[in-house]
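Undergrad: okay, here's the prediction I keep looking at, along with the sequence it came from:
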Amino acid sequence: MNATFKPNVVAEAGADSGGLLSVRDLSVSVPVAAGNVLIVDHVSFDLKKAERVALVGESGSGKSVLARAIMRLNDSYRINGRILLEEEDLTAKSEAHMRRVRGRRIGMVFQDAMTALDPIQPIGKQVMETLIIHGTPKRQARERAIAVLKELGVRDAAQRMNAAVHEFSGGMRQRVVIAMALIADPALLIADEPTTALDTRVQMQVLDLLDDISERRRLSVMLITHDMGVVASFADRVLVMYSGRIVEDAPVGRLFSAPLHPYSRSLLEAVPRIDHVVDRLPAVPGTPLPPILRPAGCAFHPRCALATDICRDIVPALRTLADSRRVACHHADTGREA
Ligand code: SF4
């Protein structure tokens, strides 16, 4: 690494409040045999209306747990902090209330369409389900399902409402899953690695579709991915997660042109570039430790070429810089180079 860090630090605060979603000081622990393990560690961020934010990081960084916690999808999670959806705190709500939030206000697309779809039930019935649960008459729900499937590029949607899952290709199944998430017209879509199980050509089609539909509907999207190419083509802003913490929060262009956190730099250095051909791409050095073995101080310090004593002892705060970016690194403003 040869980073030079010279940003102007102006505050030690979280993101500005407002917008569609405000996550405040959110921690999520998961019970294991040895006790509770902290998976998401004091995370704060905002998502504005119609904004597209990518949540990136290696496997095990806490991205999916954070998304599932926002949806309150897992009873075993111990959640502290606040999840404000249009200023309503979801952490305090009953399961019955959350069932009304899921689908109607927040839609979710999971990675693997096959696990999200019931192989026995006809496609149309599955797409209509959210509306039926929320009391929409069947005929209206059917019309809406056909319209959403058409919007997502499913040809002959009316005729294919009774088709079985195995009659659809991988890309078409993912369109059906997206239709299920969007049928009740939510304000926020959380998409967890929505293209990972697809081949490259179909990945691009699904991303183009998400791009188009989110713009047309002015939908806010939280896209979880480890693919920086997907981030570059889709997101407005990027949250980089490492070991359960946000370590950098920046507009996509700023992150790609001048990443401030050493971990962000390592992720970007591992992305192939057509203007810079190399024999072998550098990988992020070392391997991430599981949350139960999270080291003291900065969790990235065992892998960081810039680490000093303070890094090994003290967790760096996520500080807001002059250009409104946020970064959690002791040396982000000291000009240290590796
Ligand atoms: Fe590296 Fe220290 Fe910054 Fe952590 S705080 S990323 S160890 S320089």
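TA: In hand now; what should we look at? Numbering: from 1, shown residues only.

Undergrad: what's the burial count for the closest residue to the ligand within the stretch 101-250 of the chain?
TA: Scanning the stretch 101-250 of the chain for the residue nearest the ligand gives residue 247, at 7.1 Å (criterion: Cβ to the nearest ligand atom). (C-beta placed from N, C-alpha, C; glycine too.) Other residues within reach of residue 247, judged by other Cβ atoms under 10 Å, total 26.

Undergrad: what bits of this structure have low per-residue confidence?
TA: 1-18, 113-114, 197, 272-282, 334-338 (pLDDT under 70).

Undergrad: contacting residues for the spatially most central residue of the chain?
TA: Closest residue to the average C-alpha location of the chain: residue 224 at 2.9 Å, with Cα atoms, centre = their mean. Contact partners of residue 224, counting by Cβ atoms under 8 Å, 6 or more residues apart in numbering, are 54, 55, 63, 64, 67, 190, 191, 192, 193.

Undergrad: most neighbours among these, which one is it?
TA: residue 191 leads the contacts of residue 224 on contacts (other Cβ under 10 Å) with 29 neighbours.

Undergrad: for that residue, which non-adjacent residue is closest in space?
TA: Excluding its sequence neighbours, the residue lying closest to residue 191 (Cβ to Cβ, 6 or more residues apart in numbering) is residue 109, at 4.3 Å.

Undergrad: now that neighbour: how far from residue 147?
TA: 18 Å (Cβ to Cβ, to the nearest Å).

Undergrad: before we move on, what about residue 242?
TA: Counting by Cβ to Cβ, the gap from residue 242 to residue 147 is 41 Å.

Undergrad: so for those two, which residue has more residues nearby?
TA: residue 242 (26 against 14).

Undergrad: the more buried one pairs with what?
TA: Beta bridges link residue 242 to residue 245, judged by DSSP bridges.

Undergrad: what about it, distance to residue 192?
TA: Per Cβ to Cβ, residue 242 is found 18 Å from residue 192.

Undergrad: tell me which residues touch residue 245, please.
TA: With contact taken as Cβ under 8 Å, 6+ apart, residue 245 is in contact with 41, 42, 43, 62, 299, 315, 318, 328.

Undergrad: among the residues you listed, who's most crowded?
TA: residue 299 (26 neighbours).

Undergrad: now that residue. Nearest residue, chain neighbours left out?
TA: With Cβ to Cβ, 6+ apart, the residue lying closest to residue 299 is residue 243, at 3.6 Å.
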